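> sequence first, then the predicted structure:
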Amino acid sequence: ELVEFNFFQEQDPIVLILINKFKKQGTKINLYQDGLKPYVAHSMKFSPALVLNNIKQNLWIKRNGYPVSDYWSFINCKTYGFIKGIDNLYLTFPKAYLNWNKLPIETITPQFTDDFVHLLKRVFKWNDSLLKDRKKVIFFLNQPMHDDGSFDVYILRHLQKKYPHSTIYIKNHPLTSKLKLNKYKEINNVKIIDSKIPAEVFINELKESIVFSVVSTAMFIKNSSCEFYYTYKIKKNNNIERLKKYEVVNPTEHVISCKTVDEIVF
């Protein structure tokens, strides 16, 4: 019987130890999509910190008495699917991935069926009060981009003025800084959802709404009744330095990468 080991993070010493052990036992090793990394890793600039971390990781493995499968892994550590032993990559958008080392790719096609949604709500203890308004709302997914939040606020204020009768929700990321949260609180009549329930569950509940973010991968899930927008291409008031570190790619077909705020419409 074929045994499989599925993982998501390559920069994890415990995972590397397990892969090295399982591979010797004939286990099939599958790397599942980790956010946007598969689609942007090849364009990332050289990172001394990433290389140093990879070297330290291998030394930690050796120091704890485990074999190191690849001492030279730091050479390709900024790429995706770089560690030895991977049998398959599982991606949502294979056509958008640069398969630099020719690994076999399987396509992920997640579907929010009624049974799946019911299960998710049970697992995460969904409460309908978290999303009282669901139709014709503006739903924003923030991200910990190490910025001050002013770019987000600029867009939110514009949409609030354009659609004064629409409820605006901000689905707060757990790692969002207090600085950004305080910026959001300066906007009147904006509701912040401070819940660890995945954003995808909220998106599935919306009807005829606007869903947008800088470049959140939670929007990989499609809700056909809503309009989806990425804002990373908007230049006005965009002060997010992190976006300069790599070439952002929108691998989806349903999300529009808008260049101006005016493109965001119901």
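Thanks, I have the structure now.
> other residues contacting stretch 25-39?
2-10, 19, 22-23, 80-81, 85-93, 96-97, 106, 108, 215, 217, 248-249, 251 (C-beta atoms under 8 Å, 6 or more residues apart in numbering). The way it works is simple: take the backbone N, C-alpha and C, and place the C-beta from them, glycine included.
> typo on my end, stretch 144-162
Residues from elsewhere that reach stretch 144-162 (C-beta under 8 Å, 6+ apart): 138, 140, 142, 166, 168, 170, 173, 175-177, 179-181, 183-184, 186-187, 189-190, 210, 212, 214, 231, 234, 236-243, 261, 264.
> could I have the buried ones of the contacts of stretch 25-39 as PyMOL selection syntax?
Selecting only the buried members of the contacts of stretch 25-39 in PyMOL, with burial defined as 16 or more other C-beta atoms under 10 Å, works like this:
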select buried, resi 5+7+10+19+22+23+80+81+85+86+88+89+90+91+92+93+97+215+217+248+249+251
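> out of the contacts of stretch 144-162, which sit inside strands?
Using DSSP state E, the subset of the contacts of stretch 144-162 located in strands is 138, 140, 168, 170, 190, 210, 212.
> quick check: beta-bridge partners of the third one?
Legend: beta-bridge partners of Ile168 under DSSP bridges are Ile138, Val190.
> offset the numbering so it begins at 121, please.
Sounds good: first residue 121 from here, last item Ile288.
> residues touching it, list them.
Counting by C-beta under 8 Å, 6+ apart, Ile288 touches 257-258, 260, 276, 279-280, 307, 309-311.
> pLDDT, distance to Ile323 and neighbour count added to these, as JSON lines?
Written out in JSON lines, the entries for these read as follows (pLDDT from 0 to 100; distance: C-beta to C-beta, whole Å; neighbours: other C-beta atoms under 10 Å):
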{"residue": "Val257", "pLDDT": "97", "distance to Ile323": "11", "neighbour count": "23"}
{"residue": "Ile258", "pLDDT": "98", "distance to Ile323": "13", "neighbour count": "22"}
{"residue": "Phe260", "pLDDT": "98", "distance to Ile323": "11", "neighbour count": "26"}
{"residue": "Leu276", "pLDDT": "97", "distance to Ile323": "18", "neighbour count": "22"}
{"residue": "Leu279", "pLDDT": "97", "distance to Ile323": "17", "neighbour count": "19"}
{"residue": "Gln280", "pLDDT": "96", "distance to Ile323": "20", "neighbour count": "16"}
{"residue": "Ile307", "pLDDT": "92", "distance to Ile323": "21", "neighbour count": "15"}
{"residue": "Asn309", "pLDDT": "88", "distance to Ile323": "21", "neighbour count": "8"}
{"residue": "Val310", "pLDDT": "94", "distance to Ile323": "18", "neighbour count": "18"}
{"residue": "Lys311", "pLDDT": "96", "distance to Ile323": "16", "neighbour count": "14"}
